[in-house]
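> What shape does this take:
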Amino acid sequence: QVQLVESGGGLVQAGGSLRLSCAASVYDFSDYPMAWFRQAPGKEREVVSAISRNGASTYYTDSVKGRFIISRENAKDTVYLQMNRVKPEDTAVYFCAAGRQYYDLTTDARYYNYWGQGTQVTVSS
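Coordinates of the predicted model:
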């Protein structure tokens, strides 16, 4: 069983920065690929970024490439999402998710079995 707790959301002005953290309660965090998803009002959930078990491989959706950075510290059981040059369209609830144990990085939400409660990010223009 994996428990995930996100933090770091809030209100930020367009062009600013924010760092989301996701702390995992799990026996071996490094066994799990991790990802950040987001869901804006009236829209479907979408994958924002994902990272492989050892952090060597990452994925970013086109709209955040060059602005967001995903990273993980396996020694601290934590994954991060550094959000830079944020835009109003980044406003959403952001969810941390853990994939299936020993699996490779994936962007398919069906392969993410564990989810945090979400943290609200609001970008003002």
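> CA atoms for contacts and neighbours, from now on please.
Fine.
> burial measure for the nearest residue to residue 45 once chain neighbours are set aside, as a count.
Excluding its sequence neighbours, the residue lying closest to residue 45 (Cα to Cα, 6 or more residues apart in numbering) is residue 39, at 4.4 Å. Number of residues near residue 39 (other Cα atoms under 10 Å) recorded here: 19.
> do residue 75 as well
9.
> do residue 47 as well
22.
> For this protein, which segments count as strands?
3-7, 10-13, 18-25, 34-39, 46-51, 58-60, 68-73, 78-83, 92-99, 112-115, 119-124 (DSSP state E).
> could you list every residue that touches the spatially closest residue to residue 51 that is not a sequence neighbour?
In space, and not counting its chain neighbours, residue 51 is closest to residue 58: 4.4 Å by Cα to Cα, 6+ apart. Contacts for residue 58 (Cα atoms under 8 Å, 6 or more residues apart in numbering) come out as 49, 50, 51, 52, 70, 105.
> run the last query once more with 10 Å
33, 34, 35, 49, 50, 51, 52, 69, 70, 71, 105, 106 (Cα atoms under 10 Å, 6 or more residues apart in numbering).
> In TSV: those, plus distance to residue 6 and neighbour count.
Listed next are the contacts of residue 58 as TSV, based on distance: Cα to Cα, whole Å; neighbours: other Cα atoms under 10 Å:
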residue	distance to residue 6	neighbour count
33	16	26
34	13	32
35	12	32
49	15	25
50	15	29
51	16	25
52	19	23
69	16	18
70	14	23
71	14	22
105	20	21
106	20	21
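> out of the residues you listed, who's nearest residue 89?
residue 49 (15.8 Å; Cα to Cα).
> my guess is the closest one meets residue 79, correct?
No: the pair residue 49 / residue 79 is not scored as a contact, 11.1 Å apart, by Cα atoms under 10 Å.
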